[in-house]
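S.K.: Here is a sequence with its predicted model. Questions after.
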Amino acid sequence: MTQNGGADFGALIQGAGRQILNQGGQALLNYGAQALGNIINEVFQKKEAEHKRTLPSIKNYKVLGETRPSSFGPAAYQDFKDIRSRCLSEGRLFEDPEFPATDRSLYYKERLDRPITWLRPGEIANDPQLFVEGYSRFDVQQGELGDCWLLAAVANLTLYRKLFFQVVPDDQSFDEDYAGVFHFRFWQYGRWVDVVIDDRLPTYRGKLLFLHSSERNEFWSALLEKAYAKLHGSYEALKGGSTCEAMEDFTGGVTEMYEMNEPPPNLYTILLKAYERNSLMGCSIEPDPNVLEAETPMGLIRGHAYSVTRVKYVDIETPGRSGKIPLLRLRNPWGNEAEWNGPWSDKSPEWRFIPESEKEELGLTFDDDGEFWMAFKDFSQHFDRLEICNLNPDSLDPEECPEGCTKKWEMSVFEGEWVRGVTAGGCRNYLESFWKNPQYIVTLTDPDEDDEENKCTIIVALMQKNRRSQRHQGLECLTIGFAVYRLPDYGHVPKPLDINFFKYNASVGRSQAFINLREVSARFKFEPGRYVIVPSTFEPNEEGEFLLRVFSEKDNNMTENDEDVGMGDVDDRVKEVLPPEPEPADPVRQFFNRLAGDDGEVDWQELKEILDYAMREEMAMRHGGAYDGGGTTVSPPTEQSCLEQLLCALCTPICKELGVDLQQVAQQNQEQVHLNQPQPQELRGQGFSKDVCRSMIAMLDKDNSGGLGFEEFKSLWIDLRQWRAVFRLYDTEGRGAIPAQNLRDALHSAGYTVNAHVLNVLAHSAVSRETDKRTKTFKGRSSGGEYATFSLDEWLNRTVYS
């Protein structure tokens, strides 16, 4: 019982009846509030419960960046210009060792029933060219590989010059500097990746087996497909997939999917706005399980991906009325006569009601080219899925945008990670840990143009990174999702939002389901204001990296909702357990003076002796023993090992100048006492290591004398005792370890405010890092001299991550 508690109890004993009644009433009120809170929380818990959806065939659901690994892939960086230069100087054609011309590059499971010959374009056609009379969506013809989803994306890519040459660089040809090597670029997890290939292509009886152009001597599309196959390990890896994923990695945009059996009421408006912003769009019909790419009575192909190439309200004039009708133009990647044969199809009678000027503006042609028009009503009835890829604001040049398509999305992007025990809190079903997930605040200021409700459109997309590339380690796609909350009183809520906020506030938007796909996205319409987005895995403690992107029609401002890195006050509970500072008569000070000698300073060996003495003296007092000067007093070395770990982390930048590898020291100490495993309560202490003592002197030796005076030692000793007291406070089970979920609170108690980045770094600190990596970090921030400039946040991130 505390002193205040004892005084209150004495007052009660003395018969303060009114106080008893008041306290009883207050207790009843508190009980009632708690009960009400539990009821509210139970209601919210049920309302906010997330649902998990797992694709049963996720290993076969091949979407871009999520395909089966193979023995081959662009793991090793290859420089296109360097390879071409070497091949030209040596007079040879490039043969790619990373993706060789063998069956293993074709498939990882299935086998072809015919012999395949790998030929270069010059062996397939006379006068091979990368482009014949430019490029267009009609250059893309499907072969025997089931990758029509990819072809639909490629057809959309040809509509925009800047996008096209971002993926298909124009610094290569079959004429100038030809060396049998080509390269293509694809967007992967927020960055563009350059994929280098040779130009040997799979053929049967002299003809290209897979994607090809309508012109026999044009090869850009076939080479693009090969680069894409290399990116994912094999050609077979491209069988079956999602058009929106391919469009996303051709552009770096954000994708949306709509199931046409439950479309939003404003879907055509969404399509119009997407077209105005040059979004890439695709659609498909569910396949017939009994027939491969079966044709419907209306001329459409099941299980086939189509690209949407135009969205427009078209003027119509009939004898009885005039007005506008919503139409869409679609293209079948087969590029043949397999087209829609219903209303508004080629040469259908409806076109006679369209003015000639309108037909001219539409560029209307009626050829067997796989392209056709249809009414939005028929589109909604006959197609099952719509996919939209919304482009980044800087994806296109204004001059290449079609008339009326000059609007752009506004975009914010953040990268983050879920770390076990620190920032991997799981979904809202796990309330106790949900608040520990990364949090991002989005501020929406202006409503959309011509929006009758004065609301803001926002698209949130959460992508998990690098999961498929780690499948050989047993890592599959995580089940991910997100929730969005309104912040009505931003200035009076904690940073980050704590458990109480999520306990009593419902979300205003969520991903449709938690699902094990590479990316989940959702579109919302919110009133202007501040909102917090919480991305998470479904289960707590699932680790992974992610990319969070937010698109809006008007400006949005996105920030991390977290503490600022800095210094704060030490926890009063820590101050209570700290021993008093050394006095002149204190044994520790006396011991220091005896070792320091006439110069009043101690070197690393003397510092080690003093610290070992001081720690044993304090532990002996704590355990009721005494130090006899011979090192026989026992003390739990787990605390001391933990302290050394912290010192290793904080002193690493200094030690690198001394040639000290503290990580190796930490590993040696852990061989004796494992930090995170239960240990016997009483073990003989090992003392501070030589290298840790040297690093502490280097860190605190302000006058570069090579030793520490008593005031410098006193400062160090206060910090050590403070850290030790914090460790004891949070090592509640006496195991010699602080649970990761308590790390932020422990640092707060020690007087530090840190954000999730620093917490993640601390959680990762057990991972060994090469010393030259830290040196490169220093040099990267140096202007060429002996100094580098870091903010406190950056310093903690780079020095603690040892």
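M.R.: Sure, I can see it.
S.K.: And the next helix or strand past the least confident helix or strand in the chain by mean pLDDT?
M.R.: Here the helix or strand of the chain ranked lowest by mean pLDDT, DSSP states H and E is helix 662-672, holding a mean of 40. Downstream of helix 662-672, the first helix or strand assigned by DSSP states H and E is helix 690-700.
S.K.: Counting by contacts, list what that following helix packs against.
M.R.: Judged by 3 or more C-beta pairs under 8 Å, 6 or more residues apart in numbering; DSSP states H and E, helix 690-700 is in contact with helix 604-622, helix 637-658, helix 662-672, strand 708-709, helix 710-730. C-beta here means a position set from N, CA and C on the backbone, and glycine is covered the same way.
S.K.: In terms of mean pLDDT, which of the ones you listed ranks lowest?
M.R.: Note on the helices and strands packed on helix 690-700: lowest mean pLDDT is at helix 662-672, with a mean of 40.
S.K.: helix, strand or coil for His183?
M.R.: strand (DSSP: H, G, I helix; E, B strand; the rest coil).
S.K.: Return the set of residues that bridge with the residue positioned nearest the centre of the chain.
M.R.: Computing the C-alpha centroid of the chain and ranking residues by C-alpha atoms, centre = their mean puts Phe546 first, at 1.4 Å. Beta-bridge partners for Phe546, by DSSP bridges, are Gly416, Gln464.
S.K.: That one and Glu417 touch, don't they?
M.R.: Yes. Using C-beta atoms under 8 Å, Phe546 is in contact with Glu417, at 6.8 Å.
S.K.: quick check: domain ranges of this structure?
M.R.: As given by automatic domain parsing, the domain ranges for the chain are 80-238, 254-400, 410-562, 572-800.
S.K.: Just the mean pLDDT for the first one, thanks.
M.R.: This means domain 80-238. Rounded mean pLDDT across domain 80-238 is 88.
S.K.: With the third one instead?
M.R.: For domain 410-562, the mean per-residue pLDDT is 90.
S.K.: The closest residue to Leu700 other than its chain neighbours and Ala274: what is the separation?
M.R.: Residue nearest to Leu700 in three dimensions, not counting chain neighbours: Glu712, with 4.9 Å by C-beta to C-beta, 6 or more residues apart in numbering. Distance of Glu712 to Ala274, given as C-beta to C-beta, to the nearest Å: 65 Å.
S.K.: same check, this time on Trp220
M.R.: From Trp220 across to Ala274, the span is 27 Å (C-beta to C-beta).
S.K.: May I have the beta-bridge partners of Ile301?
M.R.: Glu295.
S.K.: That one touches Trp340, doesn't it?
M.R.: No. Taking contacts as C-beta under 8 Å, Ile301 lies outside contact range of Trp340: 10.3 Å.
S.K.: Return the set of residues that bridge with the nearest residue to Pro115 once chain neighbours are set aside.
M.R.: The shortest distance from Pro115 to any non-neighbouring residue, by C-beta to C-beta, 6+ apart, is to Tyr204 (7.5 Å). Counting by DSSP bridges, Tyr204 is bridged to Lys207.
S.K.: start the count at 18, not 1, going forward
M.R.: Right, with 18 as the first residue, what we last looked at is Tyr221.
S.K.: what's the spacing between Tyr221 and Ala355?
M.R.: Counting by C-beta to C-beta, the gap from Tyr221 to Ala355 is 23 Å.
S.K.: one step back: the residue nearest to Leu717: neighbour count?
M.R.: 21 (other C-beta atoms under 10 Å).
S.K.: With Glu580 instead?
M.R.: By other C-beta under 10 Å, 20 other residues sit near Glu580.
S.K.: Which secondary structure element is home to it?
M.R.: Using DSSP H and E, Glu580 falls within no helix or strand.
S.K.: Surely it is in contact with Pro513?
M.R.: Yes. Taking contacts as C-beta under 8 Å, Glu580 lies within contact range of Pro513: 7.2 Å.
S.K.: C-alpha coordinates for stretch 709-729, CSV please?
M.R.: In CSV, the C-alpha atoms belonging to stretch 709-729 read as follows (Å, rounded to 0.1, in the frame of the first residue of the first chain):
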residue,chain,number,x,y,z
VAL,A,709,32.2,-2.8,-24.6
CYS,A,710,34.3,-1.0,-22.1
ARG,A,711,36.5,0.5,-24.9
SER,A,712,33.4,1.6,-26.8
MET,A,713,31.9,3.3,-23.7
ILE,A,714,35.1,5.3,-23.2
ALA,A,715,35.2,6.2,-26.9
MET,A,716,31.5,7.4,-26.6
LEU,A,717,32.0,9.5,-23.4
ASP,A,718,35.6,10.7,-23.7
LYS,A,719,34.9,14.3,-24.6
ASP,A,720,38.5,15.5,-24.3
ASN,A,721,40.0,12.5,-26.3
SER,A,722,42.3,11.6,-23.4
GLY,A,723,41.7,7.9,-23.8
GLY,A,724,40.2,7.6,-20.3
LEU,A,725,37.2,8.8,-18.2
GLY,A,726,37.3,11.2,-15.4
PHE,A,727,34.9,10.7,-12.5
GLU,A,728,32.3,13.1,-13.8
GLU,A,729,32.2,11.3,-17.1
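S.K.: How about that stretch, which residues are buried there?
M.R.: Buried positions in stretch 709-729, judged by neighbour count with 16 or more other C-beta atoms under 10 Å: 709-718, 724-727, 729.
S.K.: I'm done for today, thanks for sticking with me.
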